[in-house]
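>>> My questions are about this predicted structure, shown below with the sequence.
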Amino acid sequence: MEKIAVVAIGGNSLIKDKNHSTVEDQYNAICETVSHIVNIIEEGYKVVITHGNGPQVGFNLRRSEIAEESEGMHPVPLVNCGANTQGSIGYQIQQAFDNEFLKRGINKKAVSVVTQVEVDKDDKAFINPTKPIGSFYTKEETNKLRNEHPDWVLIEDAKRGYRRVVPSPMPKNVVEKDAIKDLINTGYVVIAVGGGGIPVIRDEEKYFKGVDAVIDKDYASSLLAIELKADLFIVSTGVEKVCINYGTDKEKALDKLNIEETKKLIEEGHFAPGSMLPKINAILNFLENSNGKAIITSPEKLKESVKGEDGTHLIK
């Protein structure tokens, strides 16, 4: 029986660097990553792909701001920007898969699911927004925006200017998980929970309502992997292996970690809060709530990592 692997692809799989951020550049980067993921499929895995969308949402918000300023167009809410980028990035990923399957003579298709992810309306993140999004603004621009958008929270960000910050609540439920399961069982490669999913809450009458927030992509991917009872959760990032003492002369790459060892390394401060730590915490959540295993590695090393020859393997 084929096993299920949830593969969370990082920003380097979409945008290589600031000089390669066009739509065409993004598609080329996706094609490269997809070629590596198809190697996993050839190893016998049913695959679900998740992805980030941070820069793309920022681009959409900026376009909306420019159109509002110059043409009087209505602004596009953040939650809709998340949905827009799920569709546009998902389209590129599924097209890259379809073309790679054709090239290799594999009888498979890919499909994207615009995915809502439920969060708790009482999550403390809504009281204390911390996730920066969009452009940097001057103090004068910030004062104007505060008048135009009184519900926005704008703070100074690392002395580079002011930025809008929004809540980053924890994911509680992948709304379309049953559809995703059906598609996997039908043989599709599924692209889902893009950008952490479209954040929704339930109102007083239990109806869904979209909210302006950003769900961490790795936490949402972990939740999806749990709900799918995935055998393998892979976080694809810019490094082949997890390292301790990163960037020092004592740097050491790790081949295998269990839950206890991983928690100790977190306590010792080996993982940066803005980069590796959320990935590690997402994997711990998966390991503690499933019977699966996890891997952190780069796209280029996916095949070798699945075969146990590379990457950092995390187990119970």
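Thanks, I have the structure now. Because the structure is predicted, anything quoted here is derived from the model rather than measured.
>>> Could you look up the SS state of Ile155?
Following DSSP: H, G, I helix; E, B strand; the rest coil, the label given to Ile155 is strand.
>>> residues contacting it?
The contact partners of Ile155, taken as C-beta atoms under 8 Å, 6 or more residues apart in numbering, are Tyr162, Arg163, Val165. Every C-beta, even on glycine, is put in place using the N, C-alpha and C of the backbone.
>>> Between these, which sits nearest Ser298?
When the contacts of Ile155 are compared for distance to Ser298 (C-beta to C-beta), Arg163 wins out at 29.4 Å.
>>> hey, what's the closest one bridged with?
Note on Arg163: beta-bridge partners Ile155, judged by DSSP bridges.
>>> For stretch 13-27, output the C-alpha coordinates as PDB.
C-alpha atoms of stretch 13-27 as PDB (Å, rounded to 0.1, in the frame of the first residue of the first chain):
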ATOM      1  CA  SER A  13      11.200  26.700  -3.800                       C
ATOM      2  CA  LEU A  14       9.200  29.700  -5.100                       C
ATOM      3  CA  ILE A  15      11.600  32.600  -5.100                       C
ATOM      4  CA  LYS A  16      15.400  31.900  -5.200                       C
ATOM      5  CA  ASP A  17      16.400  35.500  -4.300                       C
ATOM      6  CA  LYS A  18      15.300  39.100  -4.600                       C
ATOM      7  CA  ASN A  19      16.600  39.300  -8.200                       C
ATOM      8  CA  HIS A  20      14.400  36.400  -9.300                       C
ATOM      9  CA  SER A  21      10.900  37.300  -8.100                       C
ATOM     10  CA  THR A  22       8.900  37.600 -11.300                       C
ATOM     11  CA  VAL A  23       6.100  35.200 -12.000                       C
ATOM     12  CA  GLU A  24       8.300  33.500 -14.600                       C
ATOM     13  CA  ASP A  25      11.200  33.200 -12.200                       C
ATOM     14  CA  GLN A  26       8.800  31.600  -9.600                       C
ATOM     15  CA  TYR A  27       7.500  29.000 -12.100                       C
END
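>>> quick one: it to chain centroid distance?
Centroid separation between stretch 13-27 and its chain, computed with C-alpha atoms, centre = their mean, to the nearest Å, is 16 Å.
>>> Quick check: buried residues in it?
Neighbour-count burial for stretch 13-27, counted by 16 or more other C-beta atoms under 10 Å, picks out Ser13, Leu14, Ile15, Gln26, Tyr27.
>>> Reformat these as JSON lines; add distance to Gly196.
As requested, the buried residues of stretch 13-27 are arranged in JSON lines below (distance: C-beta to C-beta, whole Å):
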{"residue": "Ser13", "distance to Gly196": "15"}
{"residue": "Leu14", "distance to Gly196": "14"}
{"residue": "Ile15", "distance to Gly196": "17"}
{"residue": "Gln26", "distance to Gly196": "18"}
{"residue": "Tyr27", "distance to Gly196": "22"}
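>>> ok so, going back, would you format the contacts of Ile155 as JSON lines with neighbour count, pLDDT and distance to Val48 included?
What follows is these, written out as JSON lines (neighbours: other C-beta atoms under 10 Å; pLDDT from 0 to 100; distance: C-beta to C-beta, whole Å):
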{"residue": "Tyr162", "neighbour count": "21", "pLDDT": "93", "distance to Val48": "38"}
{"residue": "Arg163", "neighbour count": "20", "pLDDT": "92", "distance to Val48": "32"}
{"residue": "Val165", "neighbour count": "19", "pLDDT": "94", "distance to Val48": "30"}
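>>> which residues of the protein fall in helices?
Along the chain, counting by DSSP state H, helices occupy 23-42, 54-71, 78-104, 139-148, 177-186, 217-227, 259-267, 276-288, 302-306.
>>> Buried deepest among those helices, which one?
helix 217-227 (a mean of 26; mean count of other C-beta atoms under 10 Å).
>>> check contacts around the closest residue in space to Val76 that isn't next to it in sequence.
Leaving out its chain neighbours, the residue that sits closest to Val76 by C-beta to C-beta, 6 or more residues apart in numbering is Ser64, at 4.2 Å. Listed by C-beta under 8 Å, 6+ apart, the contact partners of Ser64 are Met73, Pro75, Val76, Cys81.
>>> State the distance from the residue lying closest to the last one once chain neighbours are set aside to Gly11.
So the one you mean is Cys81. Using C-beta to C-beta, 6+ apart and skipping residues adjacent in sequence, the residue nearest Cys81 is Asn60, 4.2 Å away. Asn60 is 16 Å from Gly11, where distance means C-beta to C-beta, to the nearest Å.
>>> try Asp25
13 Å.
>>> ok, back up a step: relative to Thr115, which of the contacts of Ile155 is nearest.
Val165 (23.8 Å).
>>> I figured that closest one was touching Gly134, is that so?
No. Under the criterion of C-beta atoms under 8 Å, Val165 makes no contact with Gly134, lying 9.7 Å away.
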